[in-house]
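Visitor: I'll drop the sequence and a predicted model, then ask my questions.
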Amino acid sequence: MNLLLGAMDVRTPSGLRDRALFEIIYGAGLRVSEALGLRLEQIDLDERSMTVTGKREKTRWVPIPSETARWLGRYLDEARPKLLKRPSALVILSNRGNAMNRAVVYANLAHYERIAGVEAHTSPHILRHSYAVHLLKGGADLRSVQELLGHSSIETTQVYTHLDMTEVTKKYRSAHPRD
């Protein structure tokens, strides 16, 4: 993640936008469609939180990590005004000031992979997956991760996160009073 995020030239409006976008997808676990549909009124940088509208128009509250908030704030202050060509409530804007499309996000991510020398192919979904796995490995419970990801079923979260059974066994053994 650090190599990939470090490959973006944050001295340019598009590079700063991409850094903020991938920070949002990874740092807040958003789907690419959720990140691209995010509107200014859904973000509260003071509270470091956002309201996200996901699949089936379900709305959920998501915390924003401090590093993600820092990059998002920089983008909103420095780069978004330069990308804005006409009034828009969308947070993420294309180089032409319009809504950005998914294909551009995937192409940009592949471009940054090459620059960073990352050999494994990534995608916005893999960034979201990494968010979930890092939360679980850090001790977050499955139910909380389910809520943060906007999954309606706990089974979806279990399958999605591909829990490492070695890690689960270790946590079980450290927590169970009879082990």
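Guide: All right, it came through fine.

Visitor: when you work out contacts or count neighbours from here on, use the C-alpha atoms and nothing else.
Guide: OK.

Visitor: can you show me the strands along this protein?
Guide: Using DSSP state E, the strands found in the chain span residues 43-44, 49-53, 59-63.

Visitor: neighbours of Arg86, just the number please.
Guide: Other residues lying near Arg86 total 9 when counted by other CA atoms under 10 Å.

Visitor: how close does it sit to Arg39?
Guide: In this structure, Arg86 and Arg39 are separated by 15 Å, where distance is defined by CA to CA, to the nearest Å.

Visitor: what does Ser144 give?
Guide: For Ser144, the distance to Arg39 - CA to CA - is 24 Å.

Visitor: the more surrounded of the two?
Guide: More crowded of Ser144 and Arg39, by other CA under 10 Å: Arg39, with 18 against 13.

Visitor: quick check: the more buried one touching Leu76?
Guide: No - with contacts counted by CA atoms under 8 Å, Arg39 stays clear of Leu76, the gap being 11.7 Å.

Visitor: any shared contact partners between the two?
Guide: Val91 (CA atoms under 8 Å, 6 or more residues apart in numbering).

Visitor: what's around Ser121, how many residues?
Guide: Quick fix: residue 121 reads His, not Ser. With neighbours defined by other CA under 10 Å, the count for His121 comes to 10.
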